Every structure is written in C-alpha cells, then in structure tokens.
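Asker: A structural model of the following input is requested.
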Amino acid sequence: MIEVVAMININAKDLKIVWGNDNRYWRTPNESNQPAELLQVCWLEVTGSCFIDKGKKYNVTFEVSLTPDAFGWNNTTLYIMAKRGEKGRYTWKKLSLILNASDDKLYFGLYEIWKGNWKGGLKIYRAVVETR
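Answerer: Now for the predicted structure:
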C-alpha cells in the first residue's frame with residue numbers, strides 16, 4: 001500500500017516577515033523561487049498559515065541556509081511553533097495539537113525573539129507543511 005503524503009509549499013515571498021519591508025534588514029524576493037535573505041535583525045519572526053484537513057497530523061519545516069558571512073548564530077536556538085486556529089495556543093515542541101472542529105487553518109512561524117542579539121546571513125527558501 002502506498003501512503004499519499006499531502007505537501008503544501010509556501011515560498012518565502014508568501015511568508016509574513018517582521019521588518020521584511022525594510023531593506024536595511026531584509027532582502028525580500030520578487031520571484032516566488034527566490035529566498036528571503038536576512039541582512040540583520042535582533043527580532044526574527046517569520047510566519048505563515050494554510051488551510052488543513054481536520055483530523056490529520058502535520059509536520060512544519062522551513063528550508064533555510066546560512067551565507068558564508070552569516071553572524072550572530074552561535075548559541076542561538078531557532079524555534080518553529082504552530083497552532084491550529086486563531087485562538088489556539090502556540091507550542092514549540094513535538095505534540096499533537098488539540099483538534100477543534102471549527103478550526104481548519106494552521107498558523108506557524110520561525111522565531112528567535114528572546115536573546116536580542118543581532119544576527120544576519122540567513123536565507124529562507126520556503127516553509128513546508130505536510131501530512132505525517
């Protein structure tokens with residue numbers, strides 16, 4: 001039996017990037033196949049959302065890379081957090097989200113907002129949401 005895996009790709013252009021409209025901090029893509037490039041921020045917050053099927057489990061991943069001149073990443077933890085529905089609670093560890101029958105939208109994000117150190121040189125290509 002072959003298991004069908006549904007995959008939703010969200011290009012960097014379609015993600016919401018805090019400070020993303022300020023070219024002092026980000027180089028945002030014009031084309032859907034280009035990455036967003038972090039120049040420098042001390043507050044990293046990149047979010048997205050998509051509609052999902054109720055009753056299924058999902059994995060959320062971000063495809064990223066560091067440029068050769070990246071800085072500020074030593075001893076820095078990035079968090080991927082997700083919640084089901086607008087009123088759900090975000091969590092950052094592997095878990096089963098509580099299923100609310102009326103919630104068919106998944107909200108997720110990539111964060112580093114706690115240390116306050118400046119960082120740069122991160123490229124974000126896309127976020128991927130897939131059934132597991």
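Asker: against residue 123, how distant is residue 114?
Answerer: 22 Å (C-beta to C-beta, to the nearest Å). C-beta here means a position set from N, CA and C on the backbone, and glycine is covered the same way.
Asker: and those two? which has more neighbours close in?
Answerer: residue 123 (17 against 10; other C-beta atoms under 10 Å).
Asker: is it true that the more buried one touches residue 63?
Answerer: No. Counting by C-beta atoms under 8 Å, residue 123 stays clear of residue 63, with 9.0 Å between them.
Asker: which elements pack onto the helix or strand bottoming out on mean pLDDT in the chain?
Answerer: Of the helices and strands making up the chain, the lowest-confidence element is strand 79-84, at a mean of 82, by mean pLDDT, DSSP states H and E. With contacts defined as 3 or more C-beta pairs under 8 Å, 6 or more residues apart in numbering; DSSP states H and E, strand 79-84 has these neighbours: strand 58-71, strand 105-112.
Asker: go again with 10 Å.
Answerer: Packing contacts for strand 79-84, counted by 3 or more C-beta pairs under 10 Å, 6 or more residues apart in numbering; DSSP states H and E, involve strand 44-51, strand 58-71, strand 105-112.
Asker: quick one: neighbours of residue 21, just the number.
Answerer: 9.
Asker: enumerate every residue touching it.
Answerer: By C-beta atoms under 10 Å, 6 or more residues apart in numbering, residue 21 lies in contact with residue 28.
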